[in-house]
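Asker: requesting a structural model of the entry that follows:
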Amino acid sequence: MSLLTAAEVTNLYLYGTKTLPANLENESLIRPSDPKNISVDMNEYMTTGPGRFASPAKFDLIQQFFTSQAVHLQANTPEKPYYTKTELFAAFGTEIGWVGLQQSLYDDGADNYLERAYIWESTAFQIDENAKFVVEANGNRYIKDFAIVPFSKNANTEDFDFKSDSGFSKLVNFALEPLVDPSGIGRTVVISFDGVRTLKDTFTYQDYTNAASTAVLPNPSLLATIAANGLQFTQQLFDSGSTRFLDADNKPILYGSLQGDQINGTVPRPGFDIAPGVTSYGISGYVQNGITYIGGEGDDDLSGGIFSDKLLGGDGDDFIWGNTGDDYLEGGQGNDKLQGGTGFDTYYANNGDTIFDTDGIGKVFFNDQELKGPVGNGMQDAYGNNYMYIRGVAQPLKIMETER
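Answerer: Model (predicted):
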């Protein structure tokens, strides 16, 4: 087991798997809001990952224990061989037993700084529950079975979801989320920690002073690195395929949700726009190829742009408008209304669909068969159901089932 990469955690967030799906033009990528659970090795996280910055010297309880503030503690006896951290919290009047670290403020050159800040930005740590604080009769103090472990108010897990209480993180997430997840298909990734933390048999005052002298200090100037290299980092995610929302024809893909959606042109949801000039990122450079819209469940309202688009309604009673260009319109299940607009449009219809195509240019397919012939022609599907299609002058083509 190894720590997550930026591509892996992005894939988990967007698609629910570490690896990139073979087909991004898939309605199944529109998932329920349930979080995705994944685990990483606790010892690796603490020794070579974000936890290495959680120096024991950052904990007030440890500092108090090893300083003069601890002299009032009575020496331990065979009957009372040690103090627990809970007992010391009460003795010192300490209310907060954890330390929060904003990863973007720390760097030691040992890993990819931007990747670590992207995945783990808001982290917290605590002293392991196994720690035993010992005071000897001569005043010597040490901690047995000592370790620092991850902490959170949610069962000591971390999560990845572009949400944070940090002011700087909120600002970064506000700019970053539309680039990573323009359609809002991402789901929280809950990261738990596997394994048993390796405990240090004895943590002494000398260990404490060494930790204090070698601790990496927060460096606010590092935030400029994120500002200068943030777009390059998101481009790397695009190049890796994680955020490359393009179909086989290099059309950007915009997804709906499990409810009724309104997707209009280059705007997949309020406040998000992939139009060139609005954003310089990734899929905006492909808008001229047309856009693929995947409505998903619910009664969707999909409106195409000025290029040749592909609009897929999915389940529900959808309204689909192609606008200009040679569009592909497919209602899916439900009683859908399909309007191609101008251009040579191709419709894939089912029983109950209504097609508005007053210019008479384009093709209509019903059950994957192209409809041809004069008004009122009938056809039979593979199950023996008889259908007819009716088209009047300047009237929509309506697909309806007839009696057998």
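Asker: just the mean pLDDT for the strand or helix carrying Tyr347, thanks.
Answerer: Assigned by DSSP states H and E, Tyr347 belongs to strand 345-349. Averaged across strand 345-349, pLDDT comes to 93.
Asker: from the contact counts, what lies against that strand?
Answerer: strand 328-330, strand 362-366 (3 or more Cβ pairs under 8 Å, 6 or more residues apart in numbering; DSSP states H and E). To be clear about C-beta, it is placed using only N, CA and C from the backbone, and glycine gets the same treatment.
Asker: make it 10 Å
Answerer: The elements that strand 345-349 packs onto, with contact taken as 3 or more Cβ pairs under 10 Å, 6 or more residues apart in numbering; DSSP states H and E, are strand 310-312, strand 328-330, strand 337-339, strand 354-356, strand 362-366, strand 397-401.
Asker: dump that strand to PDB, restricted to CA.
Answerer: Extracted in PDB, the C-alpha atoms of strand 345-349 (Å, rounded to 0.1, in the frame of the first residue of the first chain):
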ATOM      1  CA  ASP A 345     -29.700  17.100 -37.000                       C
ATOM      2  CA  THR A 346     -30.000  13.400 -36.200                       C
ATOM      3  CA  TYR A 347     -32.700  12.300 -33.800                       C
ATOM      4  CA  TYR A 348     -32.900   9.000 -31.900                       C
ATOM      5  CA  ALA A 349     -36.400   8.700 -30.600                       C
END
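Asker: partner strands of that strand, parallel or antiparallel?
Answerer: Take DSSP bridges as the rule and strand 345-349 pairs in its sheet with strand 328-330 (parallel), strand 362-366 (parallel).
Asker: which residues are contacting that strand?
Answerer: For strand 345-349, the surrounding residues in contact (Cβ atoms under 10 Å, 6 or more residues apart in numbering) are 304, 308-313, 320, 322, 325-332, 336, 338-340, 353, 355-357, 359, 361-368, 370-371, 389, 397-399.
Asker: mind redoing it with 8 Å?
Answerer: By Cβ atoms under 8 Å, 6 or more residues apart in numbering, the surrounding residues in contact with strand 345-349 are 322, 326-331, 336, 338, 340, 355, 357, 361-366, 368, 399.
Asker: chain center to that strand, what's the gap?
Answerer: Mean-position distance between strand 345-349 and its chain equals 34 Å (Cα atoms, centre = their mean, to the nearest Å).
Asker: what of stretch 336-356?
Answerer: Taking mean C-alpha positions (Cα atoms, centre = their mean), stretch 336-356 and its chain are 34 Å apart.
Asker: re the thing from before, show me just the buried residues among the contacts of strand 345-349.
Answerer: Neighbour counting by 16 or more other Cβ atoms under 10 Å classes 322, 326-331, 336, 338, 340, 355, 357, 362, 364, 366, 399 among the contacts of strand 345-349 as buried.
Asker: report the two of those separated the most.
Answerer: Farthest pair in the buried ones among the contacts of strand 345-349 (Cβ to Cβ) is Asp326 and Ile399. Separation: 21.4 Å.
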